[in-house]
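**Q** compute the structure for the input listed below.
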Amino acid sequence: MKKYLILILFLLNSVYPQEKTKLIILHTTDVHGNISPYDYFEDRPARGGLAKVFTIVKQYRQKEDNLILLDGGDLLQGTPLAYYFNRIESLIPNPLILTMNYMRYDAFTVGNHDIEQGYHTYTQIREQSHFPWLSANAIRADRENFFEPFTIIEKNGIKIGIIGLTTPAIPMWLESYLYPGAEWQDMVTTASKWVRQLRPRVDVLIGLFHAGMHEGYSLDLTDTLHLPNENSSRLVAEKVPGFDVIFCGHSHRLYPYNKDDPQLINGTLFVMSGSHARYVGVAQLTLAKEKKKNWIIIDRKSNILTLDTVQAAPEILTINEPYHLKTLDYIRQVIGTSNDTISSRYSRWKDTPLVQFINQVQMAITGTDISFAASFNDSFILLPGLIRVKDIYGMYKYENFLYTVEMSGQQIKDYLEHCSRYFNVDRQTGRVMADPDLPGYNYDMAEGLGYEIDVRAPMGERIKDLKELKTGQPVNKQKIYRVAMNSYRAAGGGGHLSAAGIRQARIIWRSSEEIRNLLIQYIKTQGTIKIQVDNNWKLTGS
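**A** Numbering: from 1, shown residues only. Here you go, the predicted model:
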């Protein structure tokens, strides 16, 4: 009997794990230049920032032996601080990388807005980083990787593989000179390749993706442009077995958002951590060590931490103080005056001074008779008085350049028809409203043209009485016009050019300065800006 008991115990020890441990993975994404909890657009305290994230990181490190810290990209763009030290004082250590190095980030996946900063900028900043920059699907012409495809980290004997993937829809928004010689390949195909290579070598396999979960979001547009799917994170989980956890981003959403959201998708733990360092995503893996020295995951769960009430870590504030003070000096510079209130409140519903001004400047600089611009911030207001740099950041928050593009009259009409999709008519109430699925930054308004948008007409037939303001004549469908627009539009962003039948824009001029800087320079030159709204367009049928 004793022999049988010994045999049973031996067999049990052989089958059941003998040792357990936890692995904690903390995740941020789409930080967009936020370090201190300060809103440089409004010049007041803000909700998030890496300084708050580090408070959470320290708390976990005090109680957990095995912790890794990851970021999912779109780090280098989004605040005046980020811009100032990317473009103006770029030869000193970058504050975002200095902060992340101090926080001991383990890996970073490149986002589209990081690429947008330009090859020289992100290459210089990358060299300062103490953590790898990942993107397995960015491939050079010689078939080598543009960034590192993966990294392996070891924590107390646990081998953790991390594969980075970036949304391959980048050519839809950014011109190729920003990523010279690189091709952005399909996420599912790339993931399959690297999972096969990496899975046998690690105990835990993580996907660190700069892409969203909703694969249908821009599917029509990417298909038209023959680009891979923009937001394939869920597709990777469904089609590529082997990932234990996938962290995703790009769309600024949270997942799980509520208790009904499944934490596992096809057996893979899924986490999306919002944006602007207002949240920290947490994945907790429980592992057990088998007799033969392999670690296996026996439990996994996730949660999202909101940082609203978290105190900023004093160390990060101290490190960032000189950068913060320099940024405050920058944004508070007086550049001119305005005698009128400039508000964006109704700027997508009628012609207003805000969009009139942006188009006015774009036409003045390019010498064109037609310009397209959007209202990027529908809560912006500038009262009469002094204009400061921060006001222009509030007015125009993206780092677009100014382009002149050739378009036919028919293409201009089709472009505006595409814009008119922003308006919906509720079938039950008959009310006109903005389509919740179409972001306001993709609704352009024209200057140099007169037109009406009949919101009750069928899609594709809404633009009425389209004419040249300069001559008063109807727009000639065959005539070639020179049109001012931002670089995002000219590269295909929003699908406007595609809707107009333009596969590749005929660009005849590019600015060397961002539109925001051009607005600042224009105001400095004018001293006091005068905006005469010409009411060149209006909604009808509303």
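
**Q** is it fair to say residue 208 lies in a strand?
**A** Yes: under DSSP: H, G, I helix; E, B strand; the rest coil, residue 208 sits within a strand.

**Q** pretty sure it contacts residue 68?
**A** No: the criterion here is CB atoms under 8 Å, and residue 208 misses it with residue 68 at 10.3 Å. C-beta: built from backbone N, CA, C; applies to glycine.

**Q** ok, these two, which is more surrounded?
**A** Ranked by neighbour count (other CB atoms under 10 Å), residue 208 and residue 68 place residue 208 first, with 29 against 21.

**Q** and the pLDDT at that one?
**A** On pLDDT, residue 208 comes in at 98.

**Q** now do the same contact list for it.
**A** Neighbouring residues of residue 208 by CB atoms under 8 Å, 6 or more residues apart in numbering: 27, 70, 72, 107, 109, 134, 162, 163, 164, 165, 247.

**Q** residue 191 versus that one, what's the distance?
**A** Remark: distance between residue 208 and residue 191 (CB to CB, to the nearest Å) = 11 Å.

**Q** again with residue 64
**A** From residue 64 to residue 191 the distance is 28 Å (CB to CB).

**Q** quick one: which of those two has more around it?
**A** Remark: of residue 64 and residue 191, residue 191 carries more neighbours, 26 against 15, as counted by other CB under 10 Å.

**Q** packing partners for the one helix or strand residue 304 maps to?
**A** Applying DSSP states H and E as the criterion places residue 304 in strand 295-306. Judged by 3 or more CB pairs under 8 Å, 6 or more residues apart in numbering; DSSP states H and E, the packing partners of strand 295-306 are strand 268-273, strand 279-289.

**Q** would you list those in TSV and tack on mean pLDDT and distance to residue 45?
**A** Putting the helices and strands packed on strand 295-306 into TSV (pLDDT from 0 to 100; distance: least, CB to CB, whole Å) gives the following:
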stretch	mean pLDDT	distance to residue 45
strand 268-273	96	22
strand 279-289	96	18
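
**Q** just to revisit the earlier point, which parts of the helix or strand following the strand holding residue 304 are buried?
**A** Tracing the chain C-terminally past strand 295-306 and defining elements by DSSP H and E, one meets helix 314-331 next. By neighbour count with 16 or more other CB atoms under 10 Å, helix 314-331 contains the buried residues 316, 317, 319, 320, 323, 324, 326, 327, 330, 331.

**Q** elements contacting helix 314-331?
**A** Packed next to helix 314-331, using 3+ CB pairs under 8 Å, 6+ apart, are helix 50-63, helix 80-83, helix 95-103, helix 389-395.

**Q** centre of the chain versus it, how much separation?
**A** Per CA atoms, centre = their mean, to the nearest Å, the displacement of helix 314-331 from the mean C-alpha position of its chain is 24 Å.

**Q** tell me what angle that helix forms with helix 50-63.
**A** Calculated by axes from the mean of the first three to the mean of the last three CA atoms, to 10 degrees, helix 314-331 forms an angle of 170 degrees with helix 50-63.

**Q** what's the angle from helix 314-331 to helix 95-103?
**A** Going by the same axes, to 10 degrees, helix 314-331 makes 180 degrees with helix 95-103.

**Q** and of the buried residues of helix 314-331, the nearest to residue 355?
**A** Checking the buried residues of helix 314-331 against residue 355 with CB to CB, the nearest one is residue 331 at 22.7 Å.

**Q** from residue 39, how far off is that closest one?
**A** From residue 331 to residue 39 the distance is 10 Å (CB to CB).

**Q** what's the answer for residue 147, then?
**A** Taking CB to CB, one finds residue 147 at 31 Å from residue 39.

**Q** for these two, indicate the residue with more neighbours.
**A** Comparing residue 147 with residue 39 by other CB under 10 Å, the one with more neighbours is residue 147, at 21 against 18.
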